[in-house]
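1. Quick one, fold the following:
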Amino acid sequence: MKIGIDTRFAVSMRRGIGNYVLNLIKKLSELDSVNEYILYTDKYDSEGVLPKQSNFRVKTICPSNYLVWEQLLLPLHAKRDAVDILHCTGNTAPILLDRRIKLISSIMDVMYLKQYSELPKSTSGYQRMGRLYRKMIVPKTSGHLSMALTISEFSKSDILECLPKLKRDKVKVVYLAANEGYRRIDRASVSRKIMEKYRIDGDYILALGALDPRKNTELIIHEFMELKRERKIREKLLIVGIPNWKQTQFYRIVQESNFKEDIAFSDYVSEDDLVSLYNCATLFLYPSLYEGFGIPLLEAMACGVPVITSATTSIPEVASDAAFLINPKSGEELKRAMLTLLDDEHLRDTLITRGLEQAKKFSWMIMAKDTLAVYQQVYSG
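-> Have a look, this model is predicted:
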């Protein structure tokens, strides 16, 4: 087989999809020395993370304009390269593609097809444009997919409900995992360095923030401040992952409060730093309104931090009984969960033990083997 893979998201500033794509191609390079792979990207691989094996070829296509790259340039190069399969990894795919090429799309979720009454509108213009693009493209491409890969049984059900052109046997669940670097480490060896770098003094609660309202960052801030006000807990709050955080409403809320010294922000965090931050945190908060999977849950569990997260969408499927599950729309439940875990060391230890075991159930190698099996099935079919 000659397989083309969209690897744009793997080469820099990786978050959810980028981690998925990078781990997919790395594990495929360990598994498969027979088939030929063309890794399409829109920028130079400055970190050198893409596989170097002889059956893997990187092809950089310019310019990097998202719509032009995906809808015009990618299908043109896939045809020129005579690929048998084109795997598009970030929900969207070319509407027009040479009929001889079999198209596989990784559809992580379909939240962009939901009404704003179900999921609130983002304040980010970039995210709103992305939502509009996916809302336009995904239903059009779903009718000519050879296979859709998704990341949870919840997402599969959601996809089948929202994309009626897709049949059940054309949607395959392939679970994600935490990177192998997420693990328990010696806290004493990193705590002082991490505390100084992220301006945290003493114990802290960690959250991954985002401008996207479904990540519930504003609720986290409000309920943390309420807990500080009512119980005077000693823990600080560290929110990481928000670009240009000083220009956000989150920062303004904190600056106008009495808790400016108790809440710290950071933008993009490297994997090494995030491992240290998870390990040194007292709690990890992830009360997301909607998740197709939720890799940060497994990252935190693998690092041995108790997790508070949502009892909705795919999250119970991933977290099982290894996290404290709440209604993510209830600030009272979030506040009560924080207080319960801060007061109950035995419960924290129980969740840590369960979390370490739960994280072991998910593997990038299994994901890559399942994906390769789909390539073979589509090629033979």
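2. Quick check: Leu341 is in a helix.
-> Yes: under DSSP: H, G, I helix; E, B strand; the rest coil, Leu341 sits within a helix.
3. My guess is Ile352 contacts Gly304. True?
-> Yes: using C-beta atoms under 8 Å, Ile352 makes contact with Gly304 at a distance of 5.1 Å. Placement of C-beta: from N, CA and C, glycine included.
4. For the residue most central in space within the chain, which non-adjacent residue is closest in space?
-> Nearest residue to the geometric centre of the chain (C-alpha atoms, centre = their mean): Gly16, 2.6 Å. Distances taken as C-beta to C-beta, 6 or more residues apart in numbering place Ile295 nearest to Gly16, at 5.9 Å, with adjacent residues excluded.
5. And for Trp364?
-> Asn23 is the one closest to Trp364 (C-beta to C-beta, 6+ apart), at 4.2 Å.
6. Equivalent analysis for Val269, please.
-> Val240 (4.7 Å).
7. again with Gly381
-> Nearest to Gly381 is Ser146, by C-beta to C-beta, 6+ apart, at 7.4 Å.
8. What number of residues are in the vicinity of the one you found?
-> 18 (other C-beta atoms under 10 Å).
9. The one 10 residues further on now?
-> Using other C-beta under 10 Å as the criterion, Lys156 is surrounded by 21 other residues.
10. So what does the residue nearest to Ile101 when sequence neighbours are not counted have for phi and psi?
-> The shortest distance from Ile101 to any non-neighbouring residue, by C-beta to C-beta, 6+ apart, is to Leu86 (5.3 Å). Main-chain torsions, Leu86, degrees, to the nearest 10: phi -120, psi 120.
11. Number the chain from 4, please
-> Got it, the first residue is 4 from now on, which makes the last one we talked about Leu89.
12. Just to check, Leu89 is in contact with Gly7?
-> Yes: Leu89 is within contact range of Gly7, at 4.6 Å (criterion: C-beta under 8 Å).
13. Pull up the overlap in contacts between these two.
-> Taking C-beta atoms under 8 Å, 6 or more residues apart in numbering as the criterion, Leu89 and Gly7 both touch Ala81.
14. if you count what's nearby, which of those two comes out ahead?
-> Leu89 (28 against 25).
15. How confident was the prediction at that one?
-> The model reports Leu89 with a pLDDT of 98.
16. swap in Tyr378?
-> 98.
17. Look up phi and psi at it.
-> Per degrees, to the nearest 10, the backbone of Tyr378 is at phi -60, psi -50.
18. just to revisit the earlier point, state whether the residue nearest to Val272 and Ser269 are indeed in contact, as I suppose.
-> Yes: shown here, Val243 and Ser269 form a contact pair, counting by C-beta under 8 Å, at 4.4 Å.
19. Overlap of the contact sets of these two?
-> Tyr201.
20. check contacts around the residue nearest to Gly19.
-> Taking C-beta under 8 Å, 6+ apart as the test, what Ile298 contacts is 19, 22-23, 179-181.
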